[in-house]
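*Asks:* next comes the sequence, and after it the predicted model I'd like to discuss.
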Amino acid sequence: MTTPRRALSREVEGLLARWRLRRCHRVGAAPTVLGRVWIHGEGQVHLGDRVVLDGRLAPIELHAMSADSVIVLGDDVAVEGGASLEALQSITVGAGARLGAFCKVMDNQHHPLRGNRHERPPSVPLVIEPGVTVGSRAILLPGTQLQKGCSVAPGTVISRRIPAGVTVGGAPARVLRREVAG
Amino acid sequence: MTSRIPSVPVPAVFAQLQALRKAVQPRAQRVLAMARARWLLRSIQRLGHNVAAYGPMVVHNEGFISLGDRLTFVGGMVPSSLVCHPGARLTIGDDTQFNYGVSLEAWESVSVGARCMFASFVRVGDKDGPRAAPIVIEDDVWVAHGAILMPGVRVGARSVVAAGSIVTQDVPPDTLAMGNPARNMSLELVARETGT
């Protein structure tokens, strides 16, 4: 049973969430924002429907650094506190994916390994496909492609394609478990 | 004689104001950060000039901390911390940059060279349980996000510690250390392929 008062508070919460996401380019239906969410940079941030951003533990950082960088979070994506997404070109998170606490997703190394360390190397678009689970403190480096339904153990460092339905862990990442996809 | 009242080109003036703001804002922020660093790092014995802290920091000094010139501590979701226990020594060279969440803890001795780069959530501590051994990081080292340096490690000049790696053994100069435990590979061989 929804009393008018509860309905009203839900409305207010929705408005508050939208106010906190005012810097996003597009926000879907019914976003949930808890705690602190930082959206900065000149680029675009697109959020799908029913996105949950839980920044109670530590702020969530969505950083679209340059004017043509895009961060896309699909429908039903859940992000825990301390997660930091930094895009120079594009980061795409598919529907239903979950990003754990303090995980770092970046599509650019920011410094080249050799030569002048103060210029930017080229970035590689980073794709997280639908249904992926990323554990806490995981680091997704440029070149990462997490395919449908794979899961990443906490603390893993990834910089390449991970096939669908596989569980990976460790640094450098290796396959822990293979499951039948779908 | 065209018109007497000079027409004000509003968009041009606005653009000029924007450009002015773009030019002035970083410097203003730098000045503010330097003032903040002066306050946050007041317990430090030797502090170089032009040290800037763009965010909150945790400083706990009971030993001897010496910071070089032109350091930058970037602010972020977690404050950086400098901890120096009694009788310990923590030295940081010139032009070194720290991202947020970096934790440097000295029980015996931690020394960081010049022009190093520390990414976010890097942890350097020279004590692990009962064992304490000095950590030396030489010049031009880049330590990437979330790396942990264990006690007794020496990281050679111009080396790179990859993201999330845990360094348990010495890293020679011009080397990429990656993985848990970190394995060393020559930068000459690694960086030939793509930029990533």
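*Replies:* Received, thanks.
*Asks:* going forward, measure contacts and count neighbours with C-alpha atoms only.
*Replies:* Will do.
*Asks:* could you verify my assumption that residue B:141 touches residue B:159?
*Replies:* Yes - in this structure, residue B:141 is within contact of residue B:159 by Cα atoms under 8 Å, at 5.0 Å.
*Asks:* between these two, which is the more surrounded one?
*Replies:* Applying other Cα atoms under 10 Å in any protein chain shown to residue B:141 and residue B:159 shows that residue B:159 carries more neighbours, namely 28 against 25.
*Asks:* mind pulling up the pLDDT for the more buried one?
*Replies:* Here, the pLDDT recorded for residue B:159 equals 94.
*Asks:* that one contacts residue B:178, correct?
*Replies:* No - using Cα under 8 Å, residue B:159 makes no contact with residue B:178, being 11.0 Å away.
*Asks:* ok, the residue in chain A that chain B sits nearest to - contacts?
*Replies:* Relative to chain B, the nearest point of chain A is residue A:171 (4.7 Å; Cα to the nearest Cα). Applying Cα atoms under 8 Å, 6 or more residues apart in numbering or on different chains to residue A:171 gives the contacts A:155-158, B:164-165, B:178-180.
*Asks:* separation between it and residue B:104?
*Replies:* Counting by Cα to Cα, to the nearest Å, the gap from residue A:171 to residue B:104 is 22 Å.
*Asks:* where exactly do the helices run in chain B?
*Replies:* B:10-40, B:187-190 (DSSP state H).
*Asks:* possible to save the ones you listed as TSV with distance to residue A:64 and mean pLDDT?
*Replies:* Formatted as TSV, the helices of chain B follow (distance: least, Cα to Cα, whole Å; pLDDT from 0 to 100):
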stretch	distance to residue A:64	mean pLDDT
helix B:10-40	18	91
helix B:187-190	29	80
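*Asks:* redo these as JSON lines? Include distance to residue B:152 and mean neighbour count.
*Replies:* Putting those into JSON lines (distance: least, Cα to Cα, whole Å; neighbours: other Cα atoms under 10 Å in any protein chain shown) gives the following:
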{"stretch": "helix B:10-40", "distance to residue B:152": "29", "mean neighbour count": "14"}
{"stretch": "helix B:187-190", "distance to residue B:152": "23", "mean neighbour count": "13"}
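*Asks:* for residue A:68, which of those is the nearest?
*Replies:* Residue A:68 sits nearest to helix B:10-40 of all the helices of chain B, at 18.9 Å, using Cα to Cα.
*Asks:* elements contacting the closest one?
*Replies:* strand B:52-53, strand B:57-61 (3 or more Cα pairs under 8 Å, 6 or more residues apart in numbering or on different chains; DSSP states H and E).
*Asks:* give the buried residues for the longest strand seen in chain A.
*Replies:* Criterion DSSP state E: the longest strand present in chain A is strand A:52-64. Neighbour-count burial for strand A:52-64 flags A:52-55, A:58-64 (criterion: 16 or more other Cα atoms under 10 Å in any protein chain shown).
*Asks:* which residues are in contact with residue 127?
*Replies:* Chain wasn't specified; assuming chain A. Per Cα under 8 Å, 6+ apart, neighbours of residue A:127: A:91-94, A:144-146.
*Asks:* try again with chain B
*Replies:* By Cα under 8 Å, 6+ apart, the neighbours of residue B:127 are B:106-107, B:133, B:150-151.
*Asks:* can I get the residues you listed in TSV including distance to residue A:23?
*Replies:* Supplementary listing: those in TSV, determined by distance: Cα to Cα, whole Å:
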residue	distance to residue A:23
B:106	41
B:107	44
B:133	48
B:150	41
B:151	44
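*Asks:* just the ones in strands from those residues, please.
*Replies:* Within the contacts of residue B:127, residues falling in strands by DSSP E are residue B:106.
*Asks:* out of the contacts of residue B:127, who's nearest residue A:44?
*Replies:* Distances from residue A:44 to the contacts of residue B:127, taken by Cα to Cα, are shortest for residue B:150, at 39.5 Å.
*Asks:* the residue of chain B found nearest chain A - how many residues pack around it?
*Replies:* Closest to chain A within chain B is residue B:179: 4.7 Å, counting by Cα to the nearest Cα. Neighbour count of residue B:179, defined by other Cα under 10 Å: 21.
*Asks:* and the contacts of residue B:127, which two are the farthest apart?
*Replies:* The most distant members of the contacts of residue B:127, if one measures by Cα to Cα, are B:107 and B:150, lying 12.6 Å apart.
*Asks:* can you list residues touching both of these two?
*Replies:* Residues touching both residue B:107 and residue B:150 by Cα under 8 Å, 6+ apart: B:125-127.
*Asks:* which ones are touching residue B:180?
*Replies:* Taking Cα under 8 Å, 6+ apart as the test, what residue B:180 contacts is A:170-172, B:164-167.
*Asks:* so it versus residue A:151, what's the distance?
*Replies:* The spacing between residue B:180 and residue A:151, counted by Cα to Cα, is 20 Å.
*Asks:* helices of chain A, start to end?
*Replies:* Per DSSP H, chain A carries helices over the ranges A:4-20.
*Asks:* name the helices or strands packed onto the worst-scoring helix or strand of chain A on mean pLDDT?
*Replies:* Using mean pLDDT, DSSP states H and E, the weakest-scoring helix or strand in chain A turns out to be strand A:174-178, at a mean of 87. Packing partners of strand A:174-178 (3+ Cα pairs under 8 Å, 6+ apart): strand A:166-169.
*Asks:* neighbouring contacts of the strand it packs on?
*Replies:* Counting by Cα under 8 Å, 6+ apart, residues outside strand A:166-169 touching it are A:149-157, A:162, A:174-179.
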